[in-house]
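Q: predicted coordinates and the sequence they were generated for:
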Amino acid sequence: MQRLGEFLKNRRDRITPAAVGLRTYGTPRRVPGLRREELAQLAGVSTGYYTRLEQGQAETASEQVLDAVARVLRLDEIETAHLHNLARQPANPGLSEPPEETPHPRVLALLDSLGDATPAIVLGRRGDVLAWNHSGHMLIAEHVAFDSPRDPARRPSIPRMFFLDPLTRDLYRNWDELAPVHVAYLRLTAGRYPTDARLARLIGELSMRSDEFATMWATGDVVDCTVGDMRLRHPTIGAASVAYQVWLQPDSPDHRLEIYTPNDPSSADALRILTQQSLQAEGTLPLRPR
């Protein structure tokens with residue numbers, strides 16, 4: 001997980017004085033980015049107040065102050081939202097076990113409506129697969145049991161698969177582009193849910209078992225994973241370029257329906273082959289929790 005001060009210092013180190021119009025007159029500097037007093041001056045707050053903020057001692061920071069700091073640090077919309085999430089956390093948030101995730105009936109109805117013509121999966125807040133149709137299963141995890149999302153203890157975890165499963169890693173020709181996005185989205189989720197014990201265990205496990213995850217986590221990056229491209233090296237359909245996009249439901253904002261569409265004619269042909277094979281699988285209805 002991450003605390004407010006850690007995020008602020010990480011971003012402060014990235015902003016050079018020149019980037020915000022400060023002159024240093026060639027004098028040596030002990031910090032790579034802005035000093036605390038420089039950031040405080042640019043944000044219009046006292047150095048003491050900003051120092052307390054970075055040390056996690058300013059529990060009453062206003063939205064205006066946070067927005068001013070975000071502007072100086074040149075945070076984008078998602079990073080600014082993350083900053084506000086961190087500022088709202090208690091000083092020492094305790095962890096608790098969240099309830100099992102169950103996808104909303106409207107999300108499942110939308111998944112049903114897609115049939116198998118369009119590969120799709122339903123993801124929980126921590127990247128667990130809560131449901132999928134046959135073509136979605138075959139596209140991203142055909143080596144995993146189709147019925148595994150039914151059992152919370154067996155649900156495939158996309159972050160775990162990305163960093164700990166060699167078959168999943170081999171599937172993505174652009175793994176180096178996609179992996180940091182998964183890490184940055186986990187950090188965004190951790191800011192939203194600082195007391196989620198399962199999320200904390202997932203991050204701890206990946207940090208211990210994957211040096212690459214630990215390195216990416218240390219960057220402090222946050223993104224909202226909504227659209228992108230996957231360049232696949234699929235064991236069944238071969239090379240394919242597929243776009244993913246996420247649909248959100250207001251009734252269950254933690255749950256994401258991710259659908260996959262082809263980027264070019266050859267990839268469209270490959271997905272049609274995958275759909276035909278998925279229709280031949282035992283049963284053709286999307287898997288949903290019992």
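A: All right, it came through fine. The model shown is predicted, which means the values in this text are computed figures rather than measured ones. Residues are numbered from 1 along each chain as shown.

Q: hang on, Arg155 packs against Val144?
A: No - counting by CB atoms under 8 Å, Arg155 does not reach Val144; the two are 9.7 Å apart. Any C-beta I mention is one placed from the backbone N, CA and C, and that applies to glycine too.

Q: now do the SS call for the nearest residue to Asp264 once chain neighbours are set aside.
A: Distances taken as CB to CB, 6 or more residues apart in numbering put Ser241 closest to Asp264, at 5.8 Å, once the chain neighbours are dropped. Put simply, Ser241 is strand when judged by DSSP: H, G, I helix; E, B strand; the rest coil.

Q: give me the number of residues near the residue nearest to Ala19 when sequence neighbours are not counted?
A: Spatial nearest neighbour of Ala19, excluding adjacent residues (CB to CB, 6+ apart): Arg74 at 7.5 Å. Neighbourhood size, Arg74 [other CB atoms under 10 Å]: 12.

Q: do you know the pLDDT at Arg74?
A: Per-residue pLDDT puts Arg74 at 94.

Q: tell me the bridge partners for Gln249.
A: Beta bridges link Gln249 to Ser252 when assigned by DSSP bridges.

Q: what sits against it?
A: Residues in contact with Gln249 (CB atoms under 8 Å, 6 or more residues apart in numbering) are His104, Arg106, Val107, Leu110, His255, Leu257.

Q: between the residues you listed, which sits nearest Ala131?
A: Val107 (7.9 Å; CB to CB).

Q: make sure the closest one is actually in contact with Ser252.
A: Yes - under the criterion of CB under 8 Å, Val107 makes contact with Ser252 at 6.1 Å.

Q: which outside residues touch stretch 178-196?
A: Applying CB under 8 Å, 6+ apart, the set of residues contacting stretch 178-196 from outside is 1-2, 78, 81-82, 85-86, 89, 93-96, 98, 125-127, 158-159, 162-163, 172, 199-200, 202-203, 212-213, 216-217, 219-225, 228, 230.

Q: please read the previous query as pertaining to stretch 74-93.
A: So stretch 74-93 is contacted by 2-4, 7-8, 11, 15, 19, 56, 59, 61, 63, 66-67, 69-70, 73, 187-188, 191-192, 194-195, 222-224 (CB under 8 Å, 6+ apart).

Q: give the contact list for the residue nearest to Asp264.
A: Here Ser241 is in contact with Asp229, Met230, Arg231, Leu232, Pro262, Asn263, Asp264, Ser267 (CB under 8 Å, 6+ apart).

Q: and if you look at Ser135?
A: Ser135 neighbours (CB under 8 Å, 6+ apart): Asp116, Ala117, Thr118, Pro119, Ala120, Leu271, Leu274, Thr275, Ser278.

Q: I figured the fifth one hits His137, correct?
A: No - in terms of CB under 8 Å, Ala120 does not count as a neighbour of His137; the distance is 9.8 Å.

Q: what comes up buried for stretch 263-272?
A: Ser267, Ala270, Leu271 (16 or more other CB atoms under 10 Å).

Q: sitting in helices, which of those do you find?
A: Ser267, Ala270, Leu271 (DSSP state H).

Q: can you check what pLDDT the model gives the first one?
A: According to the model's per-residue confidence, Ser267 sits at a pLDDT of 96.

Q: again with Leu285
A: Confidence at Leu285, expressed as pLDDT, is 47.

Q: and Glu59, by the same measure?
A: pLDDT, Glu59: 69.

Q: for the nearest residue to Val129 once chain neighbours are set aside, grab phi and psi.
A: Of all residues not flanking Val129 in the chain, Pro156 sits nearest, at 4.5 Å (CB to CB, 6+ apart). When quoted as degrees, to the nearest 10, the phi and psi of Pro156 stand at phi -60, psi 140.

Q: got the phi and psi for the spatially closest residue to Thr118 that is not a sequence neighbour?
A: Excluding the flanking residues, the one nearest Thr118 by CB to CB, 6+ apart is Ile259, at 5.5 Å. Note on Ile259: its backbone torsions stand at phi -110, psi 160 [degrees, to the nearest 10].
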